[in-house]
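Asks: just the structure for this:
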Amino acid sequence: MDDQNKNLILATVLSAAVIFVWYTFFTPPLPQPEPAAPAEVSATEPAAAPATAQATPTPEAAAAVAAARIDIDTPRLRGTLSLAGGRIDDLQLRDYKETLDAGSPDVRLFAPVGAEVGAKPYYAVYGWQAAGGLDPKLVPDARTVWSAPEGAKLTVDTPVTLSWDNGAGLVFHRTVAVDPDYMFTITQSVENNTGAAVRLAPYGIIARHGIPDEQRIYVLHEGLVRGADGKLEEIKYDNIPELDQVAGEGNAELIDVTQNGWIGFTDKYWMATLIPEPGQAFKSVVRYAAANDIYQAETRLPVIEVAPGAQGAAKTMLFAGAKEWETIKRYENNPGWLDRLAGIDPDAGRPTIQGFIDSIDWGWFFFLTKPMFWLLHLLHGLIGNMGLAIIALTIVIKTLVFPLARKSYISMAKMKELQPEMEAIKARTGDDRQKLQQEMMALYKKEKVNPASGCLPILLQIPIFFSLYKVIYVTIELYHAPFFGWLRDLSAPDPSSILNLFGLLPWATPEHGSLFFIFSLGVLPILLGISMWFQQKLNPAPTDPAQAAIFAWMPWIFMFMLGSFASGLVLYWITNNTITFIQQYTIMSMHGKRPDIFGNIRAGMKRGSPGK
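Replies: Just a heads-up that it's a prediction; the model follows:
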């Protein structure tokens, strides 16, 4: 077998191995009580642990379900706020539907205790921790029933102020405001009408009863995400119960943040995050209550002392919504040079949330993923169709790597020219492998040919493929993004199927995620297999029968393996193969070695290989 075929087989097998590993390990596999009152805070401890939920339902939990509610109504959010605990526990996203079906409900982010079947409780709650000997019963907690003005409604233009008088000289207020996107601002304050100074500390909690039932894969981070003074930390849901035991906390991890940080839970497309004011020191806490399967992310602010007749206050923010790149970038208020080049500037008055853009899971190849997504976002804005934007992005990427590809294709053409000399060397050296290698290397050096250069574009393509997969799979901008015709969601597999002749026959096909879905090939996976097959036919098959058989099966193996991937990714792969075919055919033809495509096809048919 000549070196050219060796290189081609090496590149193909390497790519197959990468895709096989990716497919095997990275593709998707097939009402509770309220938190109890926070523990007392000592005079020297800045933040103690709010207690987790109890093991059995309580009268307080029943009261919370029946408590009055205030409507939340903004351009992008709708829901309610419960006066029990003043919690934000009912939130739906107006811009996102659960499915593409007509009449599909909005995506639900938060759900209260006692919600409909299938909605696990998930909410944000705030309160105060008593310190310095103050009786914990004198501060509001997760079960306190607040009062609100009659007819109050939370909108972008109308914040809502809740009040609670403890009857012993302390009056608490909580003002909740919301912007046109997904950011709430919660201002907690206390009036001290007693005759002595009081010490207490504000806190915020995001509580999640259980974790989502959605399928999770290794390549995507879902679970806790937090920024702490410029450092990013991610803990998957499965790993939170394995955190070390901390006295008084359970399974927990506590970090002291000096001035900038945030903490919350992130899923594939949605996120809920607590954000103290920039410059504010706080304790960032994640913990798990095994008895009740409750996950908590907390921000505990330092103890404040409020003198008689004075007021104390603390302001925090809550992000609750979709992980939209442009929206989160505005909240970070740090557009970067790429955005400035495109004329994207931050809105005046937005908070500066350090590192907030990294709440989106960019992955190992973030240095490729971030600029790649920025370019895809820009192209989508210019073209208006995400599928066409993916095609345009592929063209840009192929243009950038073309100098390397050109050298590779020229090297392949030269290898064809050296074929007679290589065969002569093999005949002359016989079984002397060492002499064969020496003369081959001397020939390569004389003719300035690098036999390994044919693999370089494939090797370079692997991180690009992973990065684009990450962009397509993770970023919400492809969620329910249509292309043309039957392709209505580029983040999902091609819904057409050869099993019912692409809709011509009146029977259902295997559901995505089922064992037999891999055989339900759609139009895009079939085009992918064909494009790979034609690209393979640019070169003769190896002379060795076993190697030829492996080589011939490769496009169809890839077709089945990639058939269940997001259609946006398959569209990229088809475009990439098509451009590669055109480039290689053109360059090799220009150097006098026009590929004999139909001759290679006929040769395969004569051998009866699967590639025919």
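
Asks: quick check: end-to-end length of stretch 211-231?
Replies: 25 Å (Cα to Cα, to the nearest Å).

Asks: what of stretch 268-283?
Replies: End to end - Cα to Cα - stretch 268-283 spans 26 Å.

Asks: and stretch 406-425, by the same measure?
Replies: End to end - Cα to Cα - stretch 406-425 spans 28 Å.

Asks: in it, what's buried?
Replies: 407-416, 418, 422, 425 (16 or more other Cβ atoms under 10 Å). C-beta: built from backbone N, CA, C; applies to glycine.

Asks: what residues are up against P555?
Replies: G529, I530, M532, W533, Q536, G611 (Cβ atoms under 8 Å, 6 or more residues apart in numbering).

Asks: and if we set it to 7 Å?
Replies: G529, M532, W533, Q536 (Cβ atoms under 7 Å, 6 or more residues apart in numbering).

Asks: swap in I476?
Replies: Y269, A322, K323, E324 are the contacts of I476 under Cβ under 7 Å, 6+ apart.

Asks: show the pLDDT at the closest residue to the second one other than its chain neighbours.
Replies: Leaving aside its chain neighbours, A322 sits nearest to I476 (5.3 Å; criterion: Cβ to Cβ, 6 or more residues apart in numbering). According to the prediction, I476 has pLDDT 86.

Asks: please apply the same query to N7.
Replies: So, for N7, pLDDT stands at 43.

Asks: cool, Q245 as well?
Replies: 91.

Asks: in the sheet, who's paired with it?
Replies: N251 (DSSP bridges).

Asks: still on that earlier bit, dump the contacts of P555 into CSV; add pLDDT as well.
Replies: Converted to CSV, those look like this (pLDDT from 0 to 100):
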residue, pLDDT
G529, 88
M532, 87
W533, 85
Q536, 79
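
Asks: of those residues, buried ones?
Replies: Here, 16+ other Cβ under 10 Å leaves G529, M532, W533, Q536 buried among the contacts of P555.

Asks: about what we covered before: take the contacts of P555 and keep only those in helices.
Replies: Per DSSP state H, helices hold the following members of the contacts of P555: G529, M532, W533, Q536.

Asks: what's the closest of the residues you listed to L368?
Replies: Set against L368, the nearest of these by Cβ to Cβ is M532 (23.2 Å).

Asks: how much space between the most centrally placed residue in the chain and V225?
Replies: For the chain, the residue nearest the mean C-alpha position is V474 (3.3 Å; Cα atoms, centre = their mean). For V474, the distance to V225 equals 13 Å [Cβ to Cβ, to the nearest Å].

Asks: thinking again about what came up before, now the buried ones among the contacts of P555 as a markdown table including distance to M317?
Replies: Formatted as a markdown table, those follow (distance: Cβ to Cβ, whole Å):
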| residue | distance to M317 |
| --- | --- |
| G529 | 49 |
| M532 | 49 |
| W533 | 54 |
| Q536 | 55 |
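
Asks: F319: helix or strand, and which one exactly?
Replies: F319 is part of strand 311-322 when elements are defined by DSSP states H and E.

Asks: show me the shaky parts of the stretch 351-500 of the chain.
Replies: Residue ranges of the stretch 351-500 of the chain with pLDDT under 70: 351, 412, 416, 451-458, 498-500.

Asks: can you give me the helices for this structure?
Replies: 3-26, 59-66, 325-332, 336-341, 366-383, 386-400, 402-417, 419-429, 433-447, 456-474, 523-536, 545-562, 567-590, 597-607.

Asks: indicate which one of the ones you listed is closest to R208.
Replies: helix 59-66 (16.3 Å).

Asks: pLDDT on the closest one, on average?
Replies: According to the model, helix 59-66 has a mean pLDDT of 56.

Asks: distance of the residue in the chain sticking out farthest from the centre from E417?
Replies: Largest separation from the mean C-alpha position in the chain: R428, at 58.0 Å (Cα atoms, centre = their mean). In this view, R428 and E417 are 19 Å apart by Cβ to Cβ.

Asks: domain parsing of this structure, as residue ranges.
Replies: Structural domains assigned to the chain are 3-25+369-607, 31-304, 324-361, following automatic domain parsing.

Asks: show me where pLDDT drops low in the stretch 1-150 of the chain?
Replies: Residues of the stretch 1-150 of the chain that meet the cut-off, pLDDT under 70, sit at 1-66, 115-118.

Asks: strands of that one, start to end?
Replies: All strands of the stretch 1-150 of the chain, identified by DSSP state E, counting those that start in this stretch, fall at 69-73, 77-82, 88-97, 106-110, 122-131.

Asks: show me the contacts for the closest residue to S467 other than its chain neighbours.
Replies: Among residues not flanking S467 along the chain, L368 sits closest, at 4.1 Å (Cβ to Cβ, 6+ apart). Applying Cβ under 7 Å, 6+ apart, we find L368 in contact with P463, I464, S467.

Asks: the last one: neighbouring residues, count only.
Replies: What that stands for is S467. For S467, the neighbour count with other Cβ atoms under 10 Å is 23.

Asks: tell me who's in contact with it.
Replies: Applying Cβ under 7 Å, 6+ apart to S467 gives the contacts F365, L368, T369, M372.

Asks: report the beta-bridge partners for I205.
Replies: V125, E298.

Asks: repeat for F319
Replies: What pairs with F319, by the bridge criterion (DSSP bridges), is M183, T273.

Asks: gap between stretch 288-305 and the chain center?
Replies: 25 Å (Cα atoms, centre = their mean, to the nearest Å).

Asks: please spell out which residues along stretch 555-565 are buried.
Replies: Under 16+ other Cβ under 10 Å, the buried positions of stretch 555-565 are P555, W556, I557, F558, M559, M561, L562, G563, S564, F565.

Asks: likewise stretch 314-329?
Replies: Buried, per 16+ other Cβ under 10 Å, within stretch 314-329: 314-325, 327-329.

Asks: ok now it, how far from the chain's centre?
Replies: 15 Å.

Asks: same thing with stretch 415-431?
Replies: 52 Å.

Asks: follow-up on the earlier one: closest one of the buried ones among the contacts of P555 to E439?
Replies: Of all the buried ones among the contacts of P555, E439 sits closest to Q536, with 29.6 Å by Cβ to Cβ.

Asks: how much space between the residue nearest to S467 and Y469?
Replies: According to Cβ to Cβ, L368 stands 11 Å off from Y469.

Asks: what count of nearby residues applies to P112?
Replies: P112, neighbours per other Cβ under 10 Å, totals 23.

Asks: which residues touch it?
Replies: S82, D89, D90, P121, Y123.

Asks: am I right that the third one is in contact with F110?
Replies: Meaning D90. Yes: under the contact definition of Cβ atoms under 7 Å, D90 touches F110, with a separation of 5.9 Å.
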